[in-house]
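requesting a structural model of the entry that follows:
(chains A and B)
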2 protein chains.
Amino acid sequence: MIGERGPSTASDPADRAGATLEVDLEGVVANWRLLAARVAPADCAAVVKADAYGLGAQQVSAALAAAGCKLFFVATLDEGIALRKRLLTTCEIVVLNGPVPGSAQEFVFHQLVPVLNEPGQIADWAEIRRRHDRLPAMLHVDTGMARLGLTAREFARLTDELLPESATRWRGLISHLACADQPRHPLNDLQLARFASMRRHSGGLPASLAASSGIFLGREFHFDFVRPGAALYGINPQPRNPNPLCQVVRLKGRILQIREVERGESVGYGATHVMEHSGRLATVAVGYADGWLRSLSHRGSGRLGGNRFPILGRVSMDLVVFDVSAADPSLARPGAFIELLGDHYGVDAAAADACTIGYEILTALGRRCHRVYRGVPNQC
Amino acid sequence: MIGERGPSTASDPADRAGATLEVDLEGVVANWRLLAARVAPADCAAVVKADAYGLGAQQVSAALAAAGCKLFFVATLDEGIALRKRLLTTCEIVVLNGPVPGSAQEFVFHQLVPVLNEPGQIADWAEIRRRHDRLPAMLHVDTGMARLGLTAREFARLTDELLPESATRWRGLISHLACADQPRHPLNDLQLARFASMRRHSGGLPASLAASSGIFLGREFHFDFVRPGAALYGINPQPRNPNPLCQVVRLKGRILQIREVERGESVGYGATHVMEHSGRLATVAVGYADGWLRSLSHRGSGRLGGNRFPILGRVSMDLVVFDVSAADPSLARPGAFIELLGDHYGVDAAAADACTIGYEILTALGRRCHRVYRGVPNQC
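Below is the predicted model:
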């Protein structure tokens, strides 16, 4: 168990933290292994962009590298630089957003593989490769997202560039599915057909279409490597089916105060909740500044001693209030922790209550929470 | 202009950043001065909890301290330690959540003033003060939030503790309004009456009831000091009136790709937006992992060359797509910035589109954004 250290003080930051996010690295590794086994002989990369969806790119990447993952995806150049500097000297790190104008040199300096998404990035990279022999890059083609990646027409103009003897060493051809979490959506097969066609014109580049949800659309979506992110972190890749992956986060909030309230008293900002009975409230040191989204106001719940207690009123910036009237007073006391996310109320359940998706629940977390990692990388 | 430095590399992080958050420290200082002048002779503190609502507690606090602010409020002990270590050796730093059990010693070590919210915190503090003479603390009384603070009954039992000769040096008596942004809400006057009554029994402690919105409820709400947070950062404290405060943040996102699309093509995850006309899209390097909330999907807009362009489809983790069909192609090009937040589309406007409040827009920002500060502290 490794805790991230704050500034050195007399006490352990874990003891004084109001909100604690536990990340189960063994669970992340177990999820990666499950996915890797499912897609073999295709390779399984890991998407650790957005600080590994808020869970800590360095810790997650170290654990996955120790488990055998060799290919990592981040979104931005700065994420790639941070990952390369501290970790992973032997792994490939791919930057999905590619170079912004003027930044191609940085990819060389930090040994990062850019994804080239549009003609300008390809031209910038060509400038660089005149000075550096056979630099690897991935080519992104759009097959139905209309977000990043070459259009079919732009791709068709590029065929000379894709020959094995071209100056760029193309490390792969990738595309991204728009509706992979809806297995019957017609766009999935359309994107598959478009991608397969472009791949046939790519001179046999290693190809990748599937992220987490795409892995579960069938073997024909796996190609040469897959790029799961969400599934590593316990999000259900096919929401209508049972989740084959384990939960890897647990969010605990410390009770700061227990309060007896009378029927008719209002709770929180706007006085939007009025007590229908007298009872006991627990004010907990987690708020939307910790990523506990404000849209969980009046919704969501916490767990204490195995029982569920509802959130009352609005989530505020640093605090949230639970109705613990039915709790054992020896458990519901200042200093005790209420579990906000965990095995019994996972990321997807919180997302449903917050009217969003598990991805946003994860990326919102952890800015201020004290983080604890379970599962030391070199034991993986 | 000071940019936060990433790891040292050949290029400036500002040049390679996809998302940039500009914080106008002169604007923050101007807002503080406006509020301070409004409440004089009451004092004006500054609330810099949650990393100054996401904008950088150290930079904001340094600027405000240079402008004459002497009293700062944070939420958690760790926020207090960070602020004390790097800055503000001469200012008072007050921790709103108070000590969690076992952490009172840390307040002494770092010269932080705890807010004592409930009987257990008061008892813990009494233990500490036996070893340290006359330590200051603030007392929080609840007058209608039912969140933190002593109940009226708990307060009544405490009167002996409030005598001038008691061991604790009480630095102040505070409470917090639940509905201050609704000036006609009956709870405001009720909370005022309850607080005034408790203050009369406090032995003349310096008293504080108003945060940003409370300042605008009238002079009787000001007492001895006020504690604005949101208003410092440009949030309108009285949403039905014109905003007297200036905007202090500007969020810019870099265009990564310009794409021509045909009528009938779908855009983004879920294919939820279908183009009604052919046109041009700009894919921009800002997503919900940068705090651009996913609830801004299909809503909100960006500005380029003074004109407004709508968001199309869903906001994704690292990217958002704008319809720039009507933009000058020389402006809408890869590498250019689209303004997502600024003078023309402020924090409150974004909050309305995202179905939340400006506070959450601010605290969500800035986890991954490159931050730039305008207005050097020692010039304030």
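
nearest residue to the spatially most central residue of chain A other than its sequence neighbours?
Note on chain A: the residue nearest the mean C-alpha position is residue A:53, at 2.6 Å, using C-alpha atoms, centre = their mean. Among residues not flanking residue A:53 along the chain, residue A:362 sits closest, at 4.2 Å (C-beta to C-beta, 6 or more residues apart in numbering or on different chains). No exception for glycine: its C-beta is placed from N, CA and C like everyone else's.

in terms of pLDDT, where does the residue nearest to the centre of chain A sit?
For residue A:53, the model assigns a pLDDT of 97.

isn't it up against residue A:233?
Yes: using C-beta atoms under 8 Å, residue A:53 makes contact with residue A:233 at a distance of 5.1 Å.

what do those two both touch?
Listed as contacting both residue A:53 and residue A:233 by C-beta atoms under 8 Å, 6 or more residues apart in numbering or on different chains are residue A:362.

quick one: the strands in the stretch 51-200 of chain A, in order.
Using DSSP state E, counting those that start in this stretch, the strands of the stretch 51-200 of chain A run over A:71-74, A:92-95, A:113-116, A:136-140, A:169-174.

what sits closest to residue A:174 if chain neighbours are left out?
Nearest non-adjacent residue to residue A:174, counting by C-beta to C-beta, 6+ apart: residue A:208, 4.6 Å away.

enumerate every residue touching the residue nearest to residue A:53.
A:53-55, A:233, A:235, A:249, A:347.

CA atoms of the helix or strand where it lies as CSV?
In this assignment (DSSP states H and E), residue A:362 forms part of helix A:358-364. Presented in CSV, the C-alpha positions along helix A:358-364 are these (Å, rounded to 0.1, in the frame of the first residue of the first chain):
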residue,chain,number,x,y,z
GLY,A,358,-18.8,6.5,-15.6
TYR,A,359,-15.9,8.1,-17.5
GLU,A,360,-16.8,11.5,-16.2
ILE,A,361,-17.3,10.2,-12.6
LEU,A,362,-13.7,8.9,-12.8
THR,A,363,-12.0,11.9,-14.4
ALA,A,364,-13.8,14.3,-12.0
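
distance from that helix to the middle of the chain?
Its chain's average C-alpha position is 7 Å from that of helix A:358-364, according to C-alpha atoms, centre = their mean, to the nearest Å.

likewise stretch A:20-33?
Counting by C-alpha atoms, centre = their mean, stretch A:20-33 comes out at 12 Å from the chain centroid.

pretty sure residue A:311 sits against residue A:293.
No: Residue A:311 lies out of contact with residue A:293 (C-beta under 8 Å); the separation is 11.4 Å.

which of those two has more neighbours?
A side-by-side neighbour count of residue A:311 and residue A:293, using other C-beta atoms under 10 Å in any protein chain shown, places residue A:293 first with 28 against 24.

for residue B:212, see how far away that one is.
22 Å (C-beta to C-beta, to the nearest Å).

cool, and residue A:216?
Taking C-beta to C-beta, one finds residue A:216 at 48 Å from residue B:212.

neighbour count: the two, which is higher?
Of the pair residue A:216 and residue B:212, residue B:212 is the one with more neighbours under other C-beta under 10 Å, namely 25 against 19.

which ones are touching the more buried one?
B:35, B:180, B:228-232, B:235, B:237.

rerun that using 10 Å as the cut-off
B:31, B:35, B:47, B:180-181, B:226-233, B:235-238, B:245, B:359 (C-beta atoms under 10 Å, 6 or more residues apart in numbering or on different chains).

repeat that for residue A:175.
A:139-145, A:148-150, A:191-192, A:194-195, A:198-199, A:207-210, A:214, A:223.

coming back round to it: could you export the strands of the stretch 51-200 of chain A as a markdown table, including mean neighbour count?
Output for the strands of the stretch 51-200 of chain A, formatted as a markdown table (neighbours: other C-beta atoms under 10 Å in any protein chain shown):
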| stretch | mean neighbour count |
| --- | --- |
| strand A:71-74 | 25 |
| strand A:92-95 | 23 |
| strand A:113-116 | 25 |
| strand A:136-140 | 23 |
| strand A:169-174 | 21 |
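
need these in TSV (columns: mean pLDDT).
Formatted as TSV, the strands of the stretch 51-200 of chain A follow (pLDDT from 0 to 100):
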stretch	mean pLDDT
strand A:71-74	98
strand A:92-95	97
strand A:113-116	97
strand A:136-140	95
strand A:169-174	92
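
any chance of TSV for these, columns distance to residue A:124?
Output for the strands of the stretch 51-200 of chain A, formatted as TSV (distance: least, C-beta to C-beta, whole Å):
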stretch	distance to residue A:124
strand A:71-74	19
strand A:92-95	13
strand A:113-116	9
strand A:136-140	11
strand A:169-174	16
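
so where's chain A shaky on pLDDT?
A:1-10, A:87-88, A:133, A:162-165, A:167, A:376-380 (pLDDT under 70).

name the residues linked to residue A:226 by a beta bridge.
Partner residues in beta bridges with residue A:226, using DSSP bridges, are residue A:44.

sorry, back to before: overlap in contacts of residue A:311 and residue A:293?
A:299-300, A:353.

coming back round to it: which one of the contacts of residue A:362 is nearest residue B:282?
residue A:53 (25.3 Å; C-beta to C-beta).

now the helices for the stretch 201-350 of chain A?
A:212-215, A:347-353 (DSSP state H, counting those that start in this stretch).

out of these, deepest packed?
Most buried of these by mean neighbour count (mean count of other C-beta atoms under 10 Å in any protein chain shown) is helix A:212-215; its value is a mean of 25.

off-centre distance for that helix?
14 Å.

repeat for stretch A:242-256
Relative to the chain's own centre, stretch A:242-256 is displaced by 14 Å; criterion: C-alpha atoms, centre = their mean.

may I see the buried residues of it?
Neighbour-count burial for stretch A:242-256, counted by 16 or more other C-beta atoms under 10 Å in any protein chain shown, picks out A:243, A:245, A:247-256.

with stretch A:198-206 instead?
A:198-199, A:202, A:205-206.

for those, give me CSV that also has distance to chain B.
Converted to CSV, these look like this (distance: C-beta to the nearest C-beta, whole Å):
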residue, distance to chain B
A:198, 16
A:199, 21
A:202, 20
A:205, 21
A:206, 23
